[in-house]
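>>> Predicted model follows, preceded by the sequence.
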Amino acid sequence: MASQWRSMATMAECASMRDVIVAYLRERVRARVLVPLALLLALTGWLLAPAGGLDSRAFLVATAQAFVLSLAFRVWDDLEDRNADRLRRPHRVMARSTRTAPFLVLVALLAVGGMTSLLQLSDPLPRFIALAAAIAILSVWYATRRLENWNRLAGEHIVSLKYPLIAFVVAPTLPAATGVARTVAVLAALYTLICIYEYVDDPELRHAFSSWRSLP
């Protein structure tokens with residue numbers, strides 16, 4: 001009887017965790033934003049070394065990988081901003097939830113899925129190094145910022161650095177070592193485009209920028 005109760009409790013716990021994850025995904029996965037973003041990252045990856053034309057299958061794989069990795073980073077970003085969101089956006093699923101485990105499980109699943117898919121591509125080591133660089137940059141930022149909302153402008157620029165690195169990671173073919181200048185130019189253009197979009201899309205960021213400009 002005790003084992004049956006434990007089994008039922010475990011099933012209920014799993015169902016509850018699933019419900020939280022589904023509710024979070026419904027709220028935060030905006031297809032109209034994440035799908036074009038994934039397509040943009042995949043296209044940028046192809047532009048790094050467009051040898052042999054644009055292969056539709058490779059492009060779709062890159063898009064799916066970019067989507068999964070971008071979503072994994074988004075969940076992580078939300079976890080780091082959770083305390084601030086409880087004040088600014090208390091209606092959000094993650095802000096309302098008293099549990100962290102469902103979101104950690106979601107990050108782990110997305111990360112494992114995304115990284116496993118990279119093993120099927122050529123030159124996996126440089127890809128994992130680039131992904132590790134994105135993780136390291138964000139880890140240092142989240143560990144050293146003094147407040148959840150400290151220096152919003154700096155935070156948005158640092159957080160956006162992950163997108164050029166994801167584009168590099170999912171590229172069907174990595175650029176040759178001789179094409180460093182071209183690689184930097186393509187990734188810098190992507191970074192600039194992402195920053196412009198964030199500024200246009202986020203009224204809080206525009207307010208922070210206006211406040212910074214008005215400082216003496």
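Looks like it came in fine.
>>> Could you use CA atoms for every contact and neighbour count after this?
OK.
>>> Next, the contact list for residue 24, please.
93-94 (C-alpha atoms under 8 Å, 6 or more residues apart in numbering).
>>> if we go to 10 Å?
Going by C-alpha atoms under 10 Å, 6 or more residues apart in numbering, residue 24 touches 18, 75, 92-94, 97, 102-103.
>>> Farthest pair within those?
Using C-alpha to C-alpha, the contacts of residue 24 reach their maximum pairwise distance at 18 and 92, which is 16.6 Å.
>>> sorry, back to before: of the contacts of residue 24, which is the nearest to residue 181?
Set against residue 181, the nearest of the contacts of residue 24 by C-alpha to C-alpha is residue 75 (32.4 Å).
>>> Can you give me the end-to-end span of stretch 112-129?
Separation of the first and last residues of stretch 112-129 by C-alpha to C-alpha, to the nearest Å is 15 Å.
>>> what comes up buried for it?
114-115, 117-118, 121, 124, 127 (16 or more other C-alpha atoms under 10 Å).
>>> For the chain, give me the ranges with low pLDDT.
Where the chain drops to pLDDT under 70, the residues are 1-15, 51-53, 146-153, 201-216.
>>> Would you map the helices across it?
With helices called from DSSP state H, the chain shows them at 2-28, 31-48, 56-80, 82-88, 93-96, 101-118, 124-144, 152-159, 162-169, 180-201, 203-213.
>>> so of those, which one's packed in deepest?
Mean neighbour count, computed with mean count of other C-alpha atoms under 10 Å, is highest for helix 162-169 among those, reaching a mean of 25.
>>> thinking again about what came up before, just the buried residues of stretch 112-129 now: which is nearest residue 137?
Using C-alpha to C-alpha, those come closest to residue 137 at residue 127, 15.5 Å.
>>> The closest one: what's it in contact with?
By C-alpha under 10 Å, 6+ apart, the contact list for residue 127 reads 115, 118-119, 121, 133, 165-171, 174.
>>> Next, find the distance separating it from residue 57.
Residue 127 is 19 Å from residue 57, where distance means C-alpha to C-alpha.
>>> I'd assumed residue 21 was in contact with residue 105.
Yes - shown here, residue 105 and residue 21 form a contact pair, counting by C-alpha atoms under 10 Å, at 9.0 Å.
>>> Now render the contacts of residue 24 as CSV, adding distance to residue 37.
Conversion of the contacts of residue 24 to CSV gives the following (distance: C-alpha to C-alpha, whole Å):
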residue, distance to residue 37
18, 26
75, 16
92, 22
93, 23
94, 23
97, 28
102, 25
103, 22
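>>> Looking at those, which one is closest to residue 47?
For the contacts of residue 24, the nearest to residue 47 is residue 75 (27.6 Å; C-alpha to C-alpha).
>>> Setting aside sequence neighbours, what's the nearest residue to that closest one?
Of all residues not flanking residue 75 in the chain, residue 107 sits nearest, at 6.4 Å (C-alpha to C-alpha, 6 or more residues apart in numbering).
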